[in-house]
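*Asks:* Return a 3D structure for these sequence lines:
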Amino acid sequence: MIQAAFSESVLNQNNNSEPVRINDTSVIICRIKEHKAAKQQTLAEVETLVKAKLTTARAQDKAKEMGQTFVARLQKGENPKKVAEENKLTWVNKAALTRRSQDADPTLLATAFRLARGEEGKAAVKGTSMPSGDFLVLTVNRVEAGNIAKMDEKMQQVYNQSLMDVVSQMEYALYANQVMTQAKVDLYTE
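*Replies:* Numbers count the residues shown, from 1 in each chain. Down below sits the predicted model:
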């Protein structure tokens, strides 16, 4: 969309943009109503913005530093609730999460499901920066292997189709790689 809006035809010639497909059923066409040329802002105009960004950056750095200390303490076996209370934080337990849990942050789920299992009897611990700038500290105490037999028939079909897609993509990639390694290419220059 940005490319379309700032194209020569739209920006300087006041034409409508080419249709830009957003999804299978929607397209957008844009026309510039008003364009303000870029100019350097004065310090007075950006002072509050700069201060806010610097304050946010410092807070994010402090959250990351504190989070990494928290992770190190948890890896030594300390109690997460106790460590959280000492730092005036709240430790939140989420049990029985699945990859598609609606009541958990997507970054939390992605991090949890990429995390390697902890050693026997120990939780796996991970810290990561969130898109918001917050720092997430999580522990995975137990992992239950999925059981396709417990799924309803529709979900089984979805997973079977996904598995077939992955296998076919892998086979195609292997085939393409084999063709590329066996191909003989002659370059002719004039």
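*Asks:* what's the single longest helix in this protein?
*Replies:* In the chain, assigned by DSSP state H, the helix with the most residues is helix 43-75.
*Asks:* now for that helix, which elements pack on it?
*Replies:* Judged by 3 or more C-beta pairs under 8 Å, 6 or more residues apart in numbering; DSSP states H and E, helix 43-75 is in contact with helix 80-86, strand 124-129, strand 135-140. Backbone N, C-alpha and C define where each C-beta goes, glycine included.
*Asks:* Quick one: closest of the ones you listed to residue 41.
*Replies:* Closest to residue 41 of the helices and strands packed on helix 43-75 is strand 124-129 (C-beta to C-beta; 29.0 Å).
*Asks:* Return the residues in contact with the spatially most central residue of the chain.
*Replies:* The chain has residue 107 as the residue nearest its centroid, 6.4 Å off, counting by C-alpha atoms, centre = their mean. By C-beta atoms under 8 Å, 6 or more residues apart in numbering, residue 107 lies in contact with 128, 130-131, 136.
*Asks:* List only buried entries from these.
*Replies:* Buried by 16 or more other C-beta atoms under 10 Å: 128, 136, out of these.
*Asks:* pLDDT of the helix or strand containing residue 173, averaged?
*Replies:* Using DSSP states H and E, the element containing residue 173 is helix 153-182. The average of the pLDDT scores along helix 153-182 is 91.
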